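Structure for this input, please:
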Amino acid sequence: MTPMKLDPNADLETWRETFASDFIGNDPRILESLTEARNVADTDCTVLVTGETGTGKELVARMIHGASPRANRAIVPLNCAAIPDSLIEAELFGHTKGAFTGAVAAREGRLAAADGGTLFLDEIGELPLQAQAKLLRVLQDGMLTPVGADKEIRIDVRVIAATNRDLEQMVDEGTFRADLYYRLTVIQIELPALRERSDDIVPMARHFLAETNARLQRSVTGFDASAERVLEGHDWRGNVRELAHTIERSVIMKRTGVLTAADIRLSGKKARPPRSVMAAVTTVAPTNDTSNDSTNDLNLKKAVDTVEEKFIRTALERTAGNRTEAAALLGLNRTTLVERLRKIAV
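Here you go, the predicted structure:
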C-alpha cells in the first residue's frame, strides 16, 4: 500500500479529514492535540501520548502512523500491562530457540515485526526497569538483541508510547528511567478527559449512534433533550471508550426511535447527579467545632435526608418538573423517585 500523499503544511481541517476523520470534537485542547499530531507525523521523532484511560491514545498513534512516510508498513501494538514481567523482554525483543524454558523455537519480537514501521507501546509506565534499559538502546542506536542471542540486529522502527500514569513522578520515585523518559518525550501530546470538554459529548454520541446503527442494523434516530442532558451530566470516568459502549448498549436495547433519558444505559448505574447539586453535600457536612457538643449535628439519617431532598429538588428544577427525566439524572427508577417525593411532599 502506498502512503497517502498530503502536503504536511495543509490546513488542519484538510489533514484531519484525510487522516483523523474518526477523531471527533472541536474543543480547543483537542484541536491543539491534533495540530501537534499533524506537525510530528512526517518525522521519525518518538512521541509520548498521555491521558486517562479511554481518551483515544491509540487512535492518535494510528493517525500519526497513517500520516507518516511509514504508512505502507505495519503499526505493531503492544500493551505493556498485559504481558507478565517475566515474558515482556521476549515479547518485545524476541528470543532464540532454547533461550528459556518453553522457548522451543526462535521467535521474532514486536520491535522486529515493526521494522520499517511503527511500534505502539501502550501503558509504557508498566515496562520493567531492565526492559526499559534495553528499549533505550534500541531508540538510541537502532540495535536490537533478542533474548538469548549473541549478536545484535539493526532495525529501523519508530516508537510511539502512551500512558495514563505520571512518568515524571515515576522518575522521581526511581521506577522509570530518566534517560528513557526524556528520550520518549521528544514530543508529548496530552489528551484531555471527556468531562473536561463537555461540548464534544453530544456530537461524539451522535457519531457512535450512527456507527452502531450501521453495524448492528438498528434504526435509532437520535437523542431527545432529556437524553442529551443525561449524557452531558455524566462523569465519563472511562472517557470516550465508556461513551461508545454506553451508546452501543442503549441502541441495542432501544432498537428504533429516539433515545430518551430513560433509555441511556450507563455502566453499572445511571447518570450521576447534576453538577449543580454536588455543592449540597457541603451544606450538611459536620465541622470540627466541638464548642456545643449538646447538639446532635452528627445525625446521619437527618443529613442524608437533607442532601437527598436538595438533589431531588434541583433535578426537578433542571428538568422542568419532568419526573422521568429527573429520575434518570438522579440514577433512580421513576417509581423510586415518586415514592421519595411522597416522603418529602415535593
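
Could you pull out the helices in the protein for me?
All helices of the chain, identified by DSSP state H, fall at 12-19, 28-41, 57-66, 85-93, 110-113, 129-141, 167-173, 178-184, 201-216, 225-233, 239-254, 300-318, 323-330, 334-344.

Let's have those helices in CSV, adding mean neighbour count and distance to residue 261.
Bear in mind the C-beta positions are built from the backbone N, C-alpha and C, glycine included. Listed next are the helices of the chain as CSV, based on neighbours: other CB atoms under 10 Å; distance: least, CB to CB, whole Å:
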stretch, mean neighbour count, distance to residue 261
helix 12-19, 16, 32
helix 28-41, 18, 27
helix 57-66, 22, 29
helix 85-93, 18, 45
helix 110-113, 19, 45
helix 129-141, 15, 48
helix 167-173, 14, 40
helix 178-184, 17, 43
helix 201-216, 16, 13
helix 225-233, 20, 4
helix 239-254, 19, 11
helix 300-318, 16, 11
helix 323-330, 23, 3
helix 334-344, 13, 10
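
Reformat the ones you listed as TSV; add distance to residue 158 and mean pLDDT.
Shown next, in TSV, are the helices of the chain (distance: least, CB to CB, whole Å; pLDDT from 0 to 100):
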stretch	distance to residue 158	mean pLDDT
helix 12-19	16	92
helix 28-41	10	95
helix 57-66	8	97
helix 85-93	15	90
helix 110-113	11	94
helix 129-141	10	94
helix 167-173	19	96
helix 178-184	12	97
helix 201-216	29	96
helix 225-233	37	92
helix 239-254	25	96
helix 300-318	49	80
helix 323-330	46	79
helix 334-344	54	78
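
what's the closest of these to residue 153?
When the helices of the chain are compared by CB to CB, helix 110-113 sits nearest residue 153, at 6.9 Å.

For that closest one, what is the distance to the chain centroid?
With CA atoms, centre = their mean, to the nearest Å as the basis, helix 110-113 stands 26 Å off its chain's centre.

Which neighbouring elements make contact with that helix?
Helices and strands touching helix 110-113, by 3 or more CB pairs under 8 Å, 6 or more residues apart in numbering; DSSP states H and E, are strand 75-79, helix 85-93.

And for the last one, what's in contact with it?
Contacts with helix 85-93, where a contact means CB atoms under 8 Å, 6 or more residues apart in numbering, come from 78, 80, 83, 99-100, 103, 107, 109-111, 127-128, 130-131, 134-135, 144-147.

Narrow these to those that are buried.
Applying 16 or more other CB atoms under 10 Å to those, the neighbour count classes 78, 80, 83, 99, 107, 109-111, 127-128, 131, 134-135, 144-147 as buried.

Contacts only, for residue 189.
Contacts of residue 189 by CB under 8 Å, 6+ apart are 33, 36-37, 40, 47-50, 60.

what two of those residues have the greatest distance between them?
40 and 50 (14.3 Å).

Tell me who's in contact with the closest residue to residue 112 other than its chain neighbours.
Nearest non-adjacent residue to residue 112, counting by CB to CB, 6 or more residues apart in numbering: residue 94, 5.5 Å away. If you count contacts by CB under 8 Å, 6+ apart, residue 94 has them with 106-109, 111-112, 144, 146-147.

now with 6 Å?
Each residue near residue 94 by CB atoms under 6 Å, 6 or more residues apart in numbering is listed here: 107-109, 112, 146.

before we move on, what about residue 122?
Residues in contact with residue 122 (CB under 6 Å, 6+ apart) are 79, 162.

Could you point out which of the contacts of residue 189 is nearest to residue 192?
Nearest member of those to residue 192, counting by CB to CB, is residue 33, at 7.9 Å.

The closest residue to residue 341 other than its chain neighbours and residue 226, how far apart?
Spatial nearest neighbour of residue 341, excluding adjacent residues (CB to CB, 6+ apart): residue 312 at 6.9 Å. Per CB to CB, to the nearest Å, residue 312 is found 16 Å from residue 226.

Ok, residue 319 next?
In terms of CB to CB, residue 319 sits 7 Å off from residue 226.

Need the overlap of contacts for these two.
With CB under 6 Å, 6+ apart, residue 319 and residue 226 have common neighbours residue 325.

Distance check, the most centrally placed residue in the chain against residue 119.
What sits nearest the mean C-alpha location of the chain, by CA atoms, centre = their mean, is residue 54, with 1.6 Å. Note on residue 54: its distance to residue 119, by CB to CB, is 22 Å.

What of residue 28?
Distance from residue 28 to residue 119, by CB to CB: 31 Å.

And residue 96, by the same measure?
20 Å.

same question, residue 240
23 Å.

again with residue 299
Distance from residue 299 to residue 119, by CB to CB: 59 Å.
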